[in-house]
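A.B. asks: Any chance you could fold what I've pasted below:
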Amino acid sequence: MRIHPSVPRLCAFAAAVFLSIVARAADITGAGATFPYAVYTKWAEAYKAVTKNQVNYQGIGSSGGVKQIKAKTVDFGGTDAPLSEADLDAAGLVQFPTVMGGVTIVGNVPGVDSGKLKLDGPTAADIFRGAIRKWNDPLIAAQNPGLKLPDLAITVAFRSDGSGTTYVFSNYLARQSASFRNEVGTGNTVNWPANGVGGKGNPGVAANVQKISGAIGYVDIADASKNNMRFVALKNRAGNYIVPTQTAVEAAAAGANFKVKGMAPDLLDQTGKDAWPITSATYVLVYGKGSDPGKQKGVVDFFAWALNNGQTMAEELGFVPLPAGVVRMVETEMKAIR
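C.D. replies: The predicted structure is shown next:
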């Protein structure tokens, strides 16, 4: 039987089309928390260089990420505020951590260098609920003997968007002060005091702190380091004033039990002598069973690659990689995604 000369060409064309479709299916989009934006972008660049597959991630805030994945307008959502077991089950979502980091308090107090200003949790809570309005307040001065504090009004810089960073920070402060819990509250959005100014994303808060003399705010450690911001030394549960470092985050996460539903252990205010008090992980949300298997596989392939090949990149950006044992747990969790 003779084969028409066009048949091989048609077969080759069909194969090319199929491969093109597969390649496009592996291109994925995500949106959510601004905290991991830098590392997800770095991973995406490296991943594309190896696989030719595109990963696009928009840092729109954790609340936006949860909304978009639930609306199925993205292939994965990013959140610093992990969903509860009930929420995950109701939505049919799988949740897993990708990197760890923390929230740090940053200030712009004239004449005060990074790490020199000391605050304990209750005093920080009083500042962020608007009860302490001047930098030379006796409660601040008592923790900073010998430090020249100006008679300057305090401006609280906060997130104006729904934010997992706000979720983590407000939950920490609420543990330090019942008044903060009652007046300001906890969650992705809270009732910040009147002496405050809002900014979109961690970059927005960082910009407000840097441009307003007397400002104090909260951002993730990686953003603060990148912008050379002035850290506040925070008193941890062991009674030590420490500045945020990768080692301090690792100390807080030591022994954490990630074997819970959603892989979201409580990392706040841990007892280690060197533990950073406001430590957290950031999380990915993806449907257990999606409408596009190619996209689902694309999400799994990207994060499996990133967790095994992107640890050094994460460290260079100021993040703390997941321990090897937790990476294995994430890989097991991702087997439920199809």
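A.B. asks: Please enumerate the helices of this protein.
C.D. replies: 6-26, 37-51, 62-70, 85-91, 121-128, 138-143, 164-176, 178-183, 201-211, 221-226, 246-253, 293-309, 311-316, 324-333 (DSSP state H).
A.B. asks: So for the protein, the centremost residue is which one?
C.D. replies: residue 35 (3.6 Å; Cα atoms, centre = their mean).
A.B. asks: Where does pLDDT dip in the protein?
C.D. replies: Along the chain, segments meeting pLDDT under 70 span 1-26.
A.B. asks: how is it carved up into domains?
C.D. replies: Domain assignment for the chain by automatic domain parsing gives 6-99+282-336, 103-253.
A.B. asks: export these to TSV and tack on distance to residue 265?
C.D. replies: All C-beta atoms are positioned from the backbone trio N, CA, C, and that covers glycine. As requested, the domains of the chain are arranged in TSV below (distance: least, Cβ to Cβ, whole Å):
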stretch	distance to residue 265
domain 6-99+282-336	9
domain 103-253	8
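A.B. asks: between those, which gets nearest to residue 260?
C.D. replies: Closest to residue 260 of those is domain 6-99+282-336 (Cβ to Cβ; 8.2 Å).
A.B. asks: Give the burial count for the nearest residue to residue 84 once chain neighbours are set aside, as a bare number.
C.D. replies: Nearest residue to residue 84, sequence neighbours excluded (Cβ to Cβ, 6 or more residues apart in numbering): residue 262, at 7.3 Å. Neighbours of residue 262 under the rule other Cβ atoms under 10 Å: 21.
A.B. asks: need the contact list for residue 262.
C.D. replies: Contacts for residue 262 (Cβ atoms under 8 Å, 6 or more residues apart in numbering) come out as 82, 83, 84, 85, 88, 95, 283.
A.B. asks: Just give me the neighbour total for the fourth one.
C.D. replies: A count of neighbours around residue 85, defined by other Cβ under 10 Å, yields 13.
A.B. asks: So it sits against residue 261, correct?
C.D. replies: Yes - checked against Cβ atoms under 8 Å, the pair residue 85 and residue 261 is within contact range at 4.1 Å.
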